[in-house]
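Visitor: Predicted model follows, preceded by the sequence.
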Amino acid sequence: MPEPPDQIDDHIIVASFKDEKLREASFTRLVRKYQERLYWHIRRMVVEHEDTNDILQNVFIKVWKNLGEFREESNLYTWLYRIGTNESLTWIEQQKRRTSVSLSDNEDVFSERLTAQRDFDPNKIEWKLQQAIQTLPEKQKVVFNLRYYDEMPYEDMSGVLGTSVGALKASYHHAVKKVEAYLKGD
Amino acid sequence: MNKANDISAELASMGSSLAGLSRKMPYFVTQGYFEQFGDSLQQTMKEISEPDIATAWPKSMPYAAPDGYFNELTGALVAAAMDSGLTADVPKTIPFHTPAGYFETLPQQMLAAAKATDPVKKETRFIPLRRRKMLRPIQWAAAAVLVVTIGMGGYEAYFNRQFNNPEQMLASVNNNDIQDYLQHTYRLDVSHITDNNEINNIPLDNKEIIQYLDETGWDMTE
C-alpha cells in the first residue's frame, strides 16, 4: 500500500536535513509543517501561551540537534509528538517541584490558569471541556487530547507514549467517562 | 478516510455525549504568532549557540560586610528573636537533671581530659629501608593469623551452638548408641521397652524427661 503524501514529505524532510546544504531549508519546512499541531498539543497540557512557547522552542531545538540521527523506525510526526509530550510532562513535573504541591493541588493550579485565560467563559462548552480535561491525570490527559483533538490512531499513539494499544483504548475510554461525569455534574 | 467521523463514531459507540460536541479550541493566540514563530525560533537558536558572555564577568562581589559582622550575627539574631517576643511564651526552666556534685567535679575532669589529649612529642622514627621492606610480610602474616583465629573460633562456636540445647543434643544422638550405652553402663536392656508401642502413648513432657535424667546423674552438658 503506497504511503500517504504526508509521510513521503516527511521522508524528504529527514533525508534533506542530513545534507549540510539543505539542512536549514528542510528544518524550516518541518517547523512550518508541525508548529501548530505541536503548539496546541502542548498548550492543552500547560494552558499558558508563554509556557507553551518556551516548551515549543525547546522541542524544536531538540529536533534540530537530533534529527540527523533519526532512523525513521517510527513516523516523523510520532517522534515529534513524543518529544513534545515528554518536554511538556517534564515541565509540569518541574512546576510541581518548584511550587511543592501535591497532585491534587496541581490540578487546581492548572484550573486556575484556565479560568485566568483571556475570553474564559464558564458557560461555553469548549471551556467546560477544558476544565474537565484538566481534572484528568497527566498521562490520561495526553491520551484523551491525542485521540479526541489530534485524532491520532492508537497505533501511532502507542509510538508516542510507549504504551500498548489495548491500554491506550482503555485509558481513553476511562477518560471519556470522567469528562462526561464532570460535564454532567457541572 | 475521515478521521473526524471515526472519532465521532467511536464516541457514539461508547454512548458518550462528547460525540456531538464541538472540538474547537477556545484559547486565544495573538495574531501572526505562527507566521513569526519560525523567525523567533531561529533567533533563539542563534543566541544559544553563541558563547556564553557571562563566563567573562567577574565573580567577586563589589560589596563588603562590616568588620566582625558574621562573628556577631548569631548573638544579634538571638537577641532580635527574644525582643520580638517569639520566645516570650517559651518557659525558661530547663527540664533536664544533672547528677549531684556534677559541676563541682567538672573542672578537674575537664583538666584531666584536656591533658590526655596533649600531643606527645615523639622523635621521628627512622626505619631503614631493609626493615621497612620486612614490615610488609610481617603485617600480612599477622592478618592471616588473626583471620585463622577468628575462623576457628567461629567454627567452634557454630558447631557447639547446636548442642547448647539439651533436647537438640539428645536428638542428635543415634538411638542405637543410646541403647548400647544404657546396656553397657547400666546393664539395662531397653529394647523390650522401645518395642512396646505403649511407650509412645505415655504423656511425658520433655522437661520432665530432662529433670529425671538430671536427678539420676546424667550430665547433659558433657
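Guide: Cool, the structure landed. Numbering: from 1, shown residues only, chains lettered A, B, ... in the order given.

Visitor: Please parse chain A into its domains.
Guide: A:1-100, A:102-186 (automatic domain parsing).

Visitor: Of these, give the one that comes closest to chain B.
Guide: domain A:102-186 (3.9 Å; C-beta to the nearest C-beta). Glycine gets a C-beta too; all of them are placed from N, C-alpha and C.

Visitor: Give the rounded mean pLDDT of the closest one.
Guide: Computed over domain A:102-186, the mean pLDDT rounds to 88.

Visitor: Determine if any part of it is in contact with chain B.
Guide: Yes. Judged by C-beta under 8 Å from any C-beta of the partner chain, domain A:102-186 comes into contact with chain B at A:117-121, A:124-127, A:129-130, A:147-149, A:151, A:173, A:176-177, A:179-180, A:183.

Visitor: Grab the most central residue of chain A for me.
Guide: Nearest to the mean C-alpha position of chain A, by C-alpha atoms, centre = their mean, lies residue A:41 at 3.4 Å.

Visitor: count of residues packed around the closest residue to that one other than its chain neighbours?
Guide: Once flanking residues are discounted, residue A:41 sits nearest to residue A:84: 5.5 Å by C-beta to C-beta, 6 or more residues apart in numbering or on different chains. Residues lying near residue A:84 (other C-beta atoms under 10 Å in any protein chain shown) number 26.

Visitor: List the contacts of residue A:84.
Guide: A:38, A:41-42, A:55-56, A:59 (C-beta atoms under 8 Å, 6 or more residues apart in numbering or on different chains).

Visitor: Does the residue nearest to the centre of chain A touch residue A:151 like I think?
Guide: No. Using C-beta atoms under 8 Å, residue A:41 is not in contact with residue A:151, being 12.0 Å away.

Visitor: Do you know the pLDDT at the residue of chain A most remote from its centre?
Guide: The centre of chain A is farthest from one residue, residue A:21, which by C-alpha atoms, centre = their mean lies 30.9 Å away. On pLDDT, residue A:21 comes in at 93.

Visitor: What's the separation between it and residue B:16?
Guide: Distance, residue A:21 to residue B:16, using C-beta to C-beta, to the nearest Å: 51 Å.

Visitor: What of residue A:79?
Guide: With C-beta to C-beta as the criterion, residue A:79 and residue B:16 are 31 Å apart.

Visitor: Between these two, tell me which one has more neighbours.
Guide: residue A:79 (21 against 17).

Visitor: which residues sit in contact with that one?
Guide: A:70, A:159.

Visitor: does residue A:72 sit in a helix or strand, and which one?
Guide: For residue A:72, there is no enclosing helix or strand under DSSP states H and E.

Visitor: Do you know the pLDDT at it?
Guide: At residue A:72, pLDDT is 86.

Visitor: neighbours of it, just the number please.
Guide: Neighbours around residue A:72, by other C-beta under 10 Å: 12.

Visitor: hang on, it packs against residue A:13?
Guide: No. Using C-beta under 8 Å, residue A:72 makes no contact with residue A:13, being 10.7 Å away.

Visitor: May I see the domains of chain A organised as a markdown table, with distance to residue B:149 added?
Guide: Formatted as a markdown table, the domains of chain A follow (distance: least, C-beta to C-beta, whole Å):
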| stretch | distance to residue B:149 |
| --- | --- |
| domain A:1-100 | 55 |
| domain A:102-186 | 58 |
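
Visitor: Looking at these, spot the one closest to residue B:139.
Guide: Closest to residue B:139 of these is domain A:1-100 (C-beta to C-beta; 51.8 Å).

Visitor: List the contacts of residue A:78.
Guide: A:156, A:159-160.

Visitor: Let me know the helix or strand that residue A:97 is in.
Guide: Per DSSP H and E, the secondary structure element for residue A:97 is helix A:76-99.

Visitor: swap in residue A:62?
Guide: Assigned by DSSP H and E, residue A:62 falls in helix A:49-66.

Visitor: got the angle between that helix and helix A:76-99?
Guide: 130 degrees (axes from the mean of the first three to the mean of the last three C-alpha atoms, to 10 degrees).
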